[in-house]
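S.K.: structure for the following, please:
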Amino acid sequence: QVQLVESGGGLVQAGGSLRLSCAASGGTFRPYTIGWFRQAPGKERESIAAISWSGGNTFYADCVTGRASISRDNAKNVVYLQMNSLKPEDTAIYYCAARSGRLPATGIHEYDFWGQGTQVTVSS
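M.R.: Numbers count the residues shown, from 1 in each chain. All right, here's what the predicted structure looks like:
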């Protein structure tokens, strides 16, 4: 079983950037596909990006395409989500999650382990 811890959230002005990190403890990232999700107040949790265990396959939701980049360092057991050109509508709690499948997936129920989330607030 792997435990996930997100970091890197905070308050940023519109147009700014953040790099979110998802670190694993109690295990290794290597067998897992990692996804990033976010949940804004009053809205459902949505998938925004995912990366396969090898790093060779990635997924981006339309809402972040061109503004986000997901990467992983399996040696350090860390997955990163670089977010640029942030907008107020990006304000949400951001979660990372792990699944044992080899390819990225977008369904919440396809992921087995979840972090506690990190708050991202974008001011206008």
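S.K.: from here on, contacts and neighbour counts on C-alpha atoms
M.R.: OK.
S.K.: what sits against the nearest residue to Trp53 once chain neighbours are set aside?
M.R.: Nearest residue to Trp53 in three dimensions, chain neighbours excluded: Thr33, at 4.7 Å (Cα to Cα, 6 or more residues apart in numbering). The contact partners of Thr33, taken as Cα atoms under 8 Å, 6 or more residues apart in numbering, are Ala50, Ile51, Ser52, Trp53, Ala98, Arg99, Ser100, Gly101, Arg102, Leu103, Pro104.
S.K.: and the fourth one, how far from Asp73?
M.R.: In this structure, Trp53 and Asp73 are 10 Å apart, going by Cα to Cα, to the nearest Å.
S.K.: the more surrounded of the two?
M.R.: Using other Cα atoms under 10 Å as the criterion, Trp53 and Asp73 rank with Trp53 on top: 23 against 14.
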